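Trainee: next one to model:
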Amino acid sequence: MTLRSASGNREAVVLDGNYITAEIIQIVASNVTVADLSLQRARHHPIHVMSTDDGNTDNTRIYNVRIVDPGQQAIKINPHEARIYFPDNGLVACSHIELTDAGRERRSGPSTGVAIPAEWTATGQGTGSSAIT
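Mentor: I've put the predicted structure just below:
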């Protein structure tokens, strides 16, 4: 499954959680791509990738996504609670995470942008804050 803007311009589609929505996008299936859009102001995590009782969540692709003012981690990646299934072989690329002064005031938890597991790839290098370009 792919969720992306039709134009490929990440500024053209903005999903705003207004600090009400805990997670804007929750990924619990394999082979999902999120691309070419902006996410802002999730109460917790704009993107949360996790495995469930049904098995691994493999091959998630997060590409050209702009995340602004996450309440906690911008991209959270979790294994199954019993650690029998895992979100493996994921990719975060050409994306940007931004925390504004207004967003800093709304922080409610861990301040990491993205905690990338060893089984995932993050391409590019950060410039300034948490840019992956």
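Trainee: Ala102 in helix, strand or coil?
Mentor: Following DSSP: H, G, I helix; E, B strand; the rest coil, Ala102 is assigned to helix.
Trainee: strands along the protein, start to end?
Mentor: 2-4, 14-16, 23-27, 33-40, 45-50, 61-68, 75-78, 91-93, 95-98, 121-122, 130-132 (DSSP state E).
Trainee: what stretches of the chain score poorly on pLDDT?
Mentor: For the chain, applying pLDDT under 70 flags the ranges 109-112, 124-133.
Trainee: on that earlier part again, between the strands of the chain, which gets nearest to Gly113?
Mentor: Nearest of the strands of the chain to Gly113, taken as C-beta to C-beta: strand 130-132 at 3.4 Å. Placement of C-beta: from N, CA and C, glycine included.
Trainee: okay if I get the strands of the chain as TSV plus mean neighbour count?
Mentor: Output for the strands of the chain, formatted as TSV (neighbours: other C-beta atoms under 10 Å):
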stretch	mean neighbour count
strand 2-4	14
strand 14-16	15
strand 23-27	20
strand 33-40	22
strand 45-50	24
strand 61-68	22
strand 75-78	24
strand 91-93	19
strand 95-98	22
strand 121-122	14
strand 130-132	19
